[in-house]
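In: next input, structure requested:
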Amino acid sequence: MSGSRHKGSWKEAVERGRTRGYECLRSPPADSAREELVQYAIRKTDGRYQTYFFAVDLSKMGIAEDCAEEELLEFGDLKAALDHLCSRGADPERFGPFKGQRPF
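Out: Next up, the predicted model:
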């Protein structure tokens, strides 16, 4: 499979209403001594693009409901949605299907 075809595959899936994204561990920009679990996702529903961002400090996983940052936004076009996720630290090159529980 060519690189350009592979890169477009997640976009094609989103256009068909599939959820694409990823989760990872990272150090928050403000405190490189900590680690947090971060999840990014995007999907298209009713002609609009929904983005999902979730972050929680690993030391607070047990109380994630109380201290996690969770954000669900909607955009009219794919570029605006991607720009927003990238501003939160997402790397669209890593987008793929979710295994297990999906964010939406």
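
In: so which strand or helix has the most centrally placed residue in the chain?
Out: Most central in the chain under Cα atoms, centre = their mean is residue 40, positioned 1.2 Å from the mean C-alpha point. When elements are assigned from DSSP states H and E, residue 40 belongs to strand 36-45.

In: residues in contact with that strand: which ones?
Out: 14-28, 49-58, 61, 78, 81-82, 85, 88-90, 95, 98, 102-104 (Cβ atoms under 8 Å, 6 or more residues apart in numbering). Quick note: C-beta positions are derived from backbone N, CA and C, even for glycine.

In: ok, what's across the strand from residue 36?
Out: residue 26, residue 57 (DSSP bridges).

In: if I look at it, how far off is residue 22?
Out: 14 Å (Cβ to Cβ, to the nearest Å).

In: same check, this time on residue 14
Out: Distance from residue 14 to residue 22, counting by Cβ to Cβ: 13 Å.

In: okay, those two: which has more neighbours?
Out: Set residue 14 next to residue 22 and count neighbours by other Cβ atoms under 10 Å: residue 14 wins out with 22 against 18.

In: all helices for the protein, in order.
Out: For the chain, the helices defined by DSSP state H occupy 3-15, 64-67, 78-87.

In: which of those helices has the lowest average pLDDT?
Out: When the helices of the chain are compared on mean pLDDT, helix 3-15 scores lowest, with a mean of 73.

In: now the strand holding residue 40: mean pLDDT?
Out: In this model, strand 36-45 has a mean pLDDT of 96.

In: that one: how far from the chain's middle?
Out: With Cα atoms, centre = their mean, to the nearest Å as the basis, strand 36-45 stands 2 Å off its chain's centre.

In: change the start of the numbering to 644 and stick with it
Out: Fine by me, first position is 644 from now on; the one you just mentioned is strand 679-688.
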